[in-house]
Structure formats: structure tokens, C-alpha cells
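*Asks:* could you work out the structure for the sequence below:
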Amino acid sequence: MLSKSNISLLQSLQHKKFRREHGLFLVEGYKSVSEFIDSAYQIDTIYHTAAIAPKMLKLSQKMNFQEISSAIIEKISALKNPADVIAAVKLPQWPVLNYTTLNKKFSIVLDGIQDPGNMGTIIRTADWFGITDIICSEDCVEVYNPKVVQATMGSLSRINVHYVDLTQVLTGTKLPVYGALLDGANIYNTDFGTEGLLVMGNEGKGLSEKVKQLVTKAVTIPGRGNTESLNVAIATAIFCSEINRNKLK
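*Replies:* Here you go, the predicted structure:
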């Protein structure tokens, strides 16, 4: 059984302040947990119910497993319908971003993304298209937020996420900077080449003025309807698909 203090600690990981204080975040669900086990992340403890104990035997036996009741799972889970397994994973210590590692590939740059669902979907999209680095402004939603982690469906385990001053990155690289802007060039007539930074803006405001000024190529997704703009996660997927198509020509 978990002590009251341990339950309280795990519950506190729903909040950014305590994730940083304890150096841990939660991953829920067998699939997601198994993907983090097979990644560079360090697992602190895997908590599971008796019902899923046989499946736990298929995972690495080097892990620290602890069987707990469904009632305790419900107390520490962030989900309305909790899974039978939750892992407490150690927050990574990302090294300072080395700009040279961004050469000869595409990376996604996020300016002020606030919605956890959008962030999680963007991470999952990046994983699908083989993009390994996402560079976030310091005011983006934290990727270890439980809603973000859940939305990535395990893809977070394979993506390097950096929180930085975007102006320093965009001025410190010679890579082309493609910005998603309504008044940009048609995406379907754009030659993206083989490397660059794809900059996506805030859900309501788009790119900030300071970032917009550092875009070297404004690009837009033309539409035929009456809505003002696309959801940023959907727009990111379209951009990634078009960049990938260009590379396959």
C-alpha cells in the first residue's frame, strides 16, 4: 500500500510547481508507459493494479513496480477513466540547445502555444513525420502537463523539447525560417528545401511581432471557407505533410 504522503506527492504532480519540485511527471496507460520504458527517460516507479499484473511481466524487469488498488489509481490519475498503470517518470535535464544539431533537417518552433491538446497533437504529429526537435517559447504550455502527456500517446518519449528565448534561436541560426502567416505564400507552391525551422503561432494571436519579424519566408495554407483560421495542430500537420512531400520528390 502507498502511504498517505506518497499518494499526496503523486497527486501533486498534476501541478507544474510540484513536478519541478520533485523532478517527476506522470505517464498513464500501458502503451504510453511501455514507450517511455524503451526511451532515454528514467522511470522512477510504475504503479499498477492487480488486473494488469500479468502484462507487467512483459515489461523490463529492471523497473521498480508497485501494485496498488484501483481506488488509489483513481486518486492519483488525471483521467476521468483511469488506466490500470501509471508511471512516475523523472524530468529530463535537457542540455543547452546546440544550433548545429538543427542543420540538415526540419524542426518545429512553437510561439506561445497554450492548449495542452494542441501541444500533445503537435508532438505526436512531429513523431509521425520523423521530426525530432520542437523548440518552444518560454510561455508555451509545459509538455509534462498531464493533458499534454496523454495527448502525445507516448510520442513525447521520442521528441526533444526545448524551452528557450525564440529571438535568440531565430537570430542565432542561418537556417531558413518558415512562418505560418495568413498573408504568406501558398504552401503548395513553396519549395521548402531540405532544412529549416517551421514556426507556428499562438491559437488566438498567431505569431508574436518579435518572432514575425524574424521569419524569412511567410507561408499560408489557402482555404475556401469562411472560418478565420485553422486549428494550430491541424495546420502544423498540413505543413509537416507538405514538407515531407517536398523531400520525397
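
*Asks:* and residue 133, how close does it get to residue 127?
*Replies:* Here the criterion is C-beta to C-beta, to the nearest Å. By it, residue 133 lies 11 Å from residue 127. Placement of C-beta: from N, CA and C, glycine included.

*Asks:* how about residue 242?
*Replies:* Distance, residue 242 to residue 127, using C-beta to C-beta: 17 Å.

*Asks:* check which helices and strands the lowest-mean-pLDDT helix or strand in the chain sits against.
*Replies:* Here the helix or strand of the chain ranked lowest by mean pLDDT, DSSP states H and E is helix 53-56, holding a mean of 88. Using 3 or more C-beta pairs under 8 Å, 6 or more residues apart in numbering; DSSP states H and E as the contact criterion, helix 53-56 has no neighbours among helices and strands.

*Asks:* how about that helix: buried residues?
*Replies:* For helix 53-56, the neighbour count (16 or more other C-beta atoms under 10 Å) marks residue 56 as buried.

*Asks:* neighbouring contacts of that helix?
*Replies:* Contact with helix 53-56 is made by 30, 46, 48, 65, 67, 85, as judged by C-beta atoms under 8 Å, 6 or more residues apart in numbering.

*Asks:* quick one: buried ones out of those?
*Replies:* Buried subset of the contacts of helix 53-56 (neighbour count, 16+ other C-beta under 10 Å): 30, 46, 48, 65, 85.

*Asks:* what sits against the first one?
*Replies:* It stands for residue 30. Counting by C-beta under 8 Å, 6+ apart, the residues that residue 30 touches are 52, 55, 83, 84, 85.

*Asks:* before we move on, what about the third one?
*Replies:* Contacts were defined as C-beta under 8 Å, 6+ apart; by that measure residue 48 touches 56, 65, 66, 67, 68, 84, 85, 86.

*Asks:* which stretches of this structure have low pLDDT?
*Replies:* Within the chain, the stretches with pLDDT under 70 are 248-249.

*Asks:* and the longest strand for it?
*Replies:* Counting residues, the longest strand in the chain under DSSP state E turns out to be strand 177-186.

*Asks:* and that one, what does it pack against?
*Replies:* Using 3+ C-beta pairs under 8 Å, 6+ apart: strand 177-186 touches strand 196-201, helix 209-212, strand 217-220, helix 232-247.

*Asks:* before we move on, the earlier item: of residue 242 and residue 127, who's got more company?
*Replies:* residue 127 (19 against 16; other C-beta atoms under 10 Å).

*Asks:* which element is that one on?
*Replies:* Assigned by DSSP states H and E, residue 127 belongs to helix 116-128.

*Asks:* and the angle from the helix or strand following that helix to helix 232-247?
*Replies:* Sequence order places strand 133-137 as the next helix or strand after helix 116-128, per DSSP H and E. Relative orientation of strand 133-137 versus helix 232-247 (axes from the mean of the first three to the mean of the last three C-alpha atoms, to 10 degrees): 140 degrees.

*Asks:* any chance of the contacts of residue 30 in TSV with distance to residue 26 as columns?
*Replies:* Compiled in TSV, the contacts of residue 30 are given as follows (distance: C-beta to C-beta, whole Å):
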residue	distance to residue 26
52	16
55	19
83	11
84	14
85	11
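
*Asks:* residue 228: which of those residues is nearest?
*Replies:* Taking C-beta to C-beta as the measure, residue 228 lies nearest residue 83 of these, at 37.1 Å.

*Asks:* right, I'll leave it there.
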